[in-house]
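> Sequence and predicted structure, then a few things I'm wondering about:
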Amino acid sequence: GNFSTLLFFSFRYFPTILSTMSGAAASSVLLLKKSADKRQAKALREAFQKADVNGDGKLSYQEYWNIVKKSKINISLDEFKEIMHTKDVDGDGFISIKEFMNEEEKDDSGEKKAELAFGIIDKNNDGYVTKMEYMSLSDKITEKGASAVFKKNDQDMDGKLSKEEYVMMMKNKKQVN
């Protein structure tokens, strides 16, 4: 919802915001971020429990697919299966709470996930993500939000993100969080 969109943008620009503050203000913001991280983790755990219809402590592909459909994320079943394959780190056919919370990852999975996501977002397969393609990910992404993401990550300023730019953006986001 709006909370996750807000978190995305606050994490995205966190270092910039932090660098413009006094020491006391910066430490207050760090405490707020830590609190937000805890709230986000709690919200993710609650979402996992709601999605885990049969209460077995893991999500079947069907249970996870139901979450994706309810959240109005625009992906095909084939794209979803690719994501599941990446998310299901131990390959048991289920998503554990650790896998769901991204606490259990293969070493190179971050870059692979970013490349996989890029392939899904790049609807016309031209090797670039346009603002329109990016905005089609969710009805929560505004023109203003997309413009901010592109302004920060479109290194060659051609108005679109190459695969390299997108992967770099996702790597930087992970280091900030």
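That came through, no problem. Numbering: from 1, shown residues only.

> Show me the shaky parts of this structure.
Across the chain, residues meeting the criterion (pLDDT under 70) sit at 1-36, 103-109, 174-177.

> just the helices in it please.
Using DSSP state H, the helices of the chain run over residues 2-12, 14-19, 23-51, 61-70, 77-87, 97-100, 109-121, 131-135, 143-153, 163-176.

> so what does the last one touch, helix or strand wise?
Right, helix 163-176. Helix 163-176 sits against helix 2-12, helix 109-121, helix 143-153, with contacts defined as 3 or more C-beta pairs under 8 Å, 6 or more residues apart in numbering; DSSP states H and E. Heads up, the C-betas are built off the backbone N, CA and C, glycines and all.

> could I have it exported to CSV, CA atoms only?
What follows is helix 163-176 as a C-alpha-only set of coordinates in CSV (Å, rounded to 0.1, in the frame of the first residue of the first chain):
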residue,chain,number,x,y,z
LYS,A,163,19.6,-3.2,-17.6
GLU,A,164,22.9,-2.1,-16.1
GLU,A,165,21.3,1.1,-14.7
TYR,A,166,18.4,-0.9,-13.3
VAL,A,167,20.6,-3.5,-11.7
MET,A,168,22.8,-0.8,-10.2
MET,A,169,19.7,0.9,-8.8
MET,A,170,18.6,-2.3,-7.1
LYS,A,171,22.1,-3.0,-5.7
ASN,A,172,22.3,0.5,-4.2
LYS,A,173,18.8,0.2,-2.7
LYS,A,174,19.9,-3.0,-1.0
GLN,A,175,23.0,-1.4,0.5
VAL,A,176,20.9,1.5,1.8
